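A.B. asks: sequence and computational prediction follow.
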Amino acid sequence: MILITNDDGVYSPGIQLLAKRLKALDEVIIVAPDRERSAAGHSMTLHRPLLIEQLKDGVYSVNGTPTDCVNIAVKGLLKEVPKLVVSGINKGPNMGDDVTYSGTVAGAIEALILGVPSFSLSLSARENFLFAEAAEVGLQVARLVLAQGLPKGTLLNVNVPNLPLPEMKGTTLTRLGKRIYHQMTVERVDPRGKKYYWIGGGEPEWEHRTGTDFDAIDRGMVSITPLHLDLTHYAAFDALKTMENLAYGSIPAHSDEVK
């Protein structure tokens, strides 16, 4: 069984085409948010009940995040643990720093935490989405992952150029790129004179570095970035060694004792 989720919602054409294509490999179950949950990150709903609706055979909507969907599916809804979790097809890329915001990537992260092989799948476009082409890439990646598995503690972040299959230049393993942030917050004034803000204004730009996910997409290639969840910066240990000399015995126990 293959479990599919996304952050664009259960009715997104991307998830529907992906499910149809992956049925060539195994039974497919969709458990996805009831509406768009873009930029939800790895958030989990803890302070209200979650409702599941079966829309049709093998398709369920959840009034929660992609993380909720995968957790509920693996830990309660499904009768067996899926062989693979695929999160996508996302409408837009998930590259570089943006993976920390992405609900699509978070769905794959939750699967990894639960011990299920997973990858996220995103289409690098803002309009005229070639979902069928991205679904074909997803099929080939899924077939390979099912056949040979993934390294322990690893998920894949797959980004696909919005090109017809014959125009794609191949597939390459990449590292995360670096996004250049410009005016990302837009300030406006409402009719009552109150300020309000939109987050996410402006088109993203990237540092042009060879070997990154952005570089691969820019060259018309499918980018596959292996990710893991250990955020420890091991190279910084030596530079921060003096922190181990910090002592706290002379610090007052309560802030009101400080004169």
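C.D. replies: Structure's in. What do you need? The shown structure was predicted, so the numbers you read here are calculated from the model rather than taken from an experiment.

A.B. asks: center of this structure, which residue is that?
C.D. replies: Centrality entry for the chain: nearest residue to the mean C-alpha point is Val105, 1.2 Å, by C-alpha atoms, centre = their mean.

A.B. asks: what's the helix or strand of the chain with the lowest mean pLDDT in contact with?
C.D. replies: Using mean pLDDT, DSSP states H and E, the weakest-scoring helix or strand in the chain turns out to be strand 205-206, at a mean of 71. Outside strand 205-206, the residues that touch it by C-beta atoms under 8 Å, 6 or more residues apart in numbering are Met95, Gly96, Gly177, Lys178, Arg179, Ile180, His182, Thr212, Phe214. C-betas here are computed from N, CA, C, even on glycine.

A.B. asks: show me what it pairs with in its sheet, parallel or antiparallel.
C.D. replies: Strand 205-206 has these partner strands in its sheet, going by DSSP bridges: strand 179-180 (antiparallel).

A.B. asks: if we can go back for a sec, so the residue nearest to the centre of the chain makes contact with Ser120?
C.D. replies: Yes. Using C-beta atoms under 8 Å, Val105 and Ser120 qualify as a contacting pair, with a distance of 4.6 Å.

A.B. asks: can you list residues touching both of these two?
C.D. replies: Common contact partners of Val105 and Ser120 (C-beta under 8 Å, 6+ apart): Ser87, Asn94, Asn157.

A.B. asks: beta partners for the last one?
C.D. replies: In this entry, Asn157 is beta-bridged to Ser120, Thr225, by DSSP bridges.

A.B. asks: and it, what does it touch?
C.D. replies: With contact set as C-beta under 8 Å, 6+ apart, Asn157 has these partners: 94-95, 99, 105, 108, 119-120, 122, 213, 223-227.

A.B. asks: what pLDDT does the model give it?
C.D. replies: Taken from the predicted model, the pLDDT recorded for Asn157 is 98.

A.B. asks: in the protein, where is pLDDT below threshold?
C.D. replies: Judged by pLDDT under 70, the chain has its weakly predicted residues at 181-184, 200-204, 250-259.

A.B. asks: try it again with 80
C.D. replies: Scanning the chain for pLDDT under 80 picks out 179-186, 198-207, 249-259.

A.B. asks: please enumerate the helices of it.
C.D. replies: 13-22, 66-72, 103-113, 131-148, 213-218 (DSSP state H).

A.B. asks: let me have those in a markdown table, extended by distance to Pro161.
C.D. replies: Below are these laid out as a markdown table (distance: least, C-beta to C-beta, whole Å):
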| stretch | distance to Pro161 |
| --- | --- |
| helix 13-22 | 15 |
| helix 66-72 | 23 |
| helix 103-113 | 17 |
| helix 131-148 | 9 |
| helix 213-218 | 5 |
